[in-house]
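A.B. asks: structure of the sequence below:
(2 chains)
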Amino acid sequence: MSRKPINVELRGLKTPRERVWNAILVVGAGGAQFDRDTIQDHCSPMVNWTQVDDYTDDLEKGGFIQRVQGTGTREVLQTALQFTLVKAQGIAPRISAKGEKVTQGSGTESMWRAMKVLGTFDHNDIARAATMGSIVVKPQTAKSYVAHLARAGYLIMVRPSKPGIPAKHRLGKNTGMHAPAITRMKVVFDRNTGQLATLETAQEVCDALE
Amino acid sequence: MTKPSDNQTDLFQGNQVAKLTNVAFAIEAINQITDVDDIGAPHMAVLFGPPGYGKTQAAMYLAHPQGRNAVFVAIRMFDTTKTLAQLLCLELGIATKPQWPVATLYDHIVRRLQQLDRPLVIDEVDYIAEKSTIDFIRTIHDNTTIPIVLIGEQDLKRKLMSRHERFHDRVLVWKEAQPCDAHDVKKLAAHHAGDLSFTQDVIDALVVKTSGVARRVYNELKALREECKRAGTSAPTLAMLGNLRVAKGAR
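C.D. replies: Predicted coordinates:
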């Protein structure tokens, strides 16, 4: 069974923007022209038209795709705009409406990388290793991330904590390239496997109310 | 947002990864093997040296999203060609099936690596340096243009050269990790114990006592910091250094 050349099938869940980007890579391959409807048709699972619209705008600002013709209002309203792919890259560009790079989540990502590189670590090691360039990870942030992953079963404790000395862990479950995220409900969510870990029980939530 | 090459000079200052000679070596090496446009040209670097010399720190710089954003893989002692391929697929986010043969995995890896355009850093290569598994890395090298950095212990060069002469032409840069000198120790001291003021003789004594092993320097500094806290000063003395009891194996 043969596969399409550009599409390596990827693990894990994809965000709407990643699905749009993958669709653009497919329809824009070889310098072909495409419009937003074609992009939407190639998204799987489906992506809202508004999201396709917004993301193509952002990509155009960021210089990843280019309008073929028509910059006036009339063209925008009356005909489907044609685009070409200018900068192809494997990972969907994360850019804001201004065309700038989005840095949200980069601290978590660098902490996840640090866990893979360092053999055994405590949260201070992670904070130190993850801080670089414009990314600053505070020891407190690292402490909470390490604690969450440890509770969710990603880390194996090498040495328990003592007063004044933090616990030492090593990565026991490397699930892939995407860093497990801590959701707003303080649950570890892993995009690689698409699983939520360690939901608090009702009693635990209740206990925290006091 | 600046490109990695732009903020490299900034990284040498401030409260970031302590930029030791060995990290600078890694940067130099990867600069030499980046932007190889010819698919036949060598674009592999080998960084080797004794444990504790800061090789992991160098790897951390390469793997950090704001460093070189490399794909990082640490070889395990039991790795075969297939498990290595599966590990790479996991790290690259490729969906695989357990029954896929190595050839299929390999196709996907090469395609994905080229698509991502990120360097590949492989740590603990000495585990496979004398096995035929190393040829898998060589084949990946031959079919991609991304920079590949291999990291391992001090015997890595000898091991790679003795069994696999074909490796010789592929590796553009061989870098041996160097022990810390006084300059490096000073940097480490500023990084890990910035609140203390070190005199030159303490720095020199540290170099001698630790024989330049970065990890030992770190342990000494940590103990020294505790000792200073106990004594209520911010200036460590030679006498303090002599009396230190450093926890073995602690990092």
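
A.B. asks: what's the per-residue pLDDT of whichever residue of chain B sits closest to chain A here?
C.D. replies: When scored by CB to the nearest CB, chain B has residue B:66 as its residue closest to chain A, at 3.3 Å. C-beta: built from backbone N, CA, C; applies to glycine. Residue B:66 is assigned 87 on the pLDDT scale.

A.B. asks: phi first, then psi, for the nearest residue to it once chain neighbours are set aside.
C.D. replies: Nearest non-adjacent residue to residue B:66, counting by CB to CB, 6 or more residues apart in numbering or on different chains: residue A:133, 3.3 Å away. Backbone torsions of residue A:133, given as degrees, to the nearest 10, read phi 60, psi -130.

A.B. asks: what's the pLDDT at residue A:133?
C.D. replies: With respect to pLDDT, residue A:133 has a value of 83.

A.B. asks: hang on, the earlier thing: quick one: the residue of chain B closest to chain A and residue A:201, what's the gap?
C.D. replies: Counting by CB to CB, to the nearest Å, the gap between residue B:66 and residue A:201 amounts to 39 Å.

A.B. asks: now swap in residue B:141 and tell me
C.D. replies: Distance from residue B:141 to residue A:201, by CB to CB: 51 Å.

A.B. asks: and those two? which has more neighbours close in?
C.D. replies: Set residue B:141 next to residue A:201 and count neighbours by other CB atoms under 10 Å in any protein chain shown: residue B:141 wins out with 20 against 9.

A.B. asks: just checking, what packs against the helix or strand where the more buried one lies?
C.D. replies: Secondary structure from DSSP states H and E places residue B:141 in helix B:134-143. When contacts are defined as 3 or more CB pairs under 8 Å, 6 or more residues apart in numbering or on different chains; DSSP states H and E, helix B:134-143 packs onto helix B:81-92, helix B:102-116, strand B:148-152, helix B:166-170.

A.B. asks: angle of that helix against strand B:148-152?
C.D. replies: Counting by axes from the mean of the first three to the mean of the last three CA atoms, to 10 degrees, helix B:134-143 lies at 160 degrees to strand B:148-152.

A.B. asks: which other residues reach helix B:134-143?
C.D. replies: B:39, B:42-44, B:81, B:84-85, B:102, B:106, B:109-110, B:113, B:120, B:122, B:125, B:128, B:148, B:150, B:160, B:164, B:166-167, B:170 (CB atoms under 8 Å, 6 or more residues apart in numbering or on different chains).

A.B. asks: can you select the buried ones from those in PyMOL?
C.D. replies: Buried residues among the contacts of helix B:134-143 (16 or more other CB atoms under 10 Å in any protein chain shown), as a PyMOL selection:
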select buried, chain B and resi 42+43+44+81+84+85+102+106+109+110+113+120+122+125+128+148+150+160+164+167+170
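
A.B. asks: quick check: domain ranges of chain A?
C.D. replies: A:16-85, A:103-207 (automatic domain parsing).

A.B. asks: mind listing what residue B:231 touches?
C.D. replies: residue B:240.

A.B. asks: measure it to residue A:195 for me?
C.D. replies: 51 Å.

A.B. asks: measure whichever residue of chain A sits closest to chain B to residue B:59 for me?
C.D. replies: Using CB to the nearest CB, residue A:133 is the residue of chain A that sits closest to chain B, at 3.3 Å. With distances taken as CB to CB, residue A:133 is found 17 Å from residue B:59.
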